[in-house]
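Trainee: take a look and give me a structure for this.
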Amino acid sequence: MSIENISVIKLRGILLVTVPSDPDDETVSALQEQALEAMARYEAKGLVLDITTVQTLDSFFARMMAETVQMVGLMGGRTVVAGMRANVAITATQLGLTLGNALTALDVDQALEMLEKGVVGGWR
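Mentor: Residues are numbered from 1 along each chain as shown. Predicted structure coming up:
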């Protein structure tokens, strides 16, 4: 997988990070780094981590997701994990993945709505 295919998109103070379907360790690390850099650069209020296309979850990816949620929180933002498939949720549970104060949403639209309402509701 090429790390040039990673995109972090800013939408009204919220960052959208779409995870490729089968991310390798290098891609996952690059995603985390780019997302955190964008949080600082844009002073974003939140991050949507779109994992809709992700088919499998390994322990490295699970750990990096949990760390990213924590780091975004330390930077003053909220994270919504969007689009988790049933098999990924099962694996995440089996791996003991906890996402701290991250929210979850069925899709990106719902995730963006949650962050927009939360920001207005006083998260920041």
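Trainee: which SS state does the residue nearest the centre of the chain fall under?
Mentor: Closest to where the C-alpha atoms of the chain average out (Cα atoms, centre = their mean) is Leu49, at 2.4 Å. Counting by DSSP: H, G, I helix; E, B strand; the rest coil, the backbone at Leu49 sits in strand.
Trainee: give the burial count for Gln94, as a bare number.
Mentor: 10 (other Cβ atoms under 10 Å). C-betas here are computed from N, CA, C, even on glycine.
Trainee: for the residue nearest to the centre of the chain, report the pLDDT, please.
Mentor: The model reports Leu49 with a pLDDT of 96.
Trainee: give the contact list for it.
Mentor: When contacts are counted by Cβ atoms under 8 Å, 6 or more residues apart in numbering, Leu49 touches 17, 19, 35, 65, 68-69, 79-82.
Trainee: what's the longest helix in the protein?
Mentor: Across the chain, the longest stretch assigned as helix under DSSP state H is helix 25-42.
Trainee: check which helices and strands it sits against.
Mentor: strand 8-11, strand 14-18, strand 46-50, helix 59-74 (3 or more Cβ pairs under 8 Å, 6 or more residues apart in numbering; DSSP states H and E).
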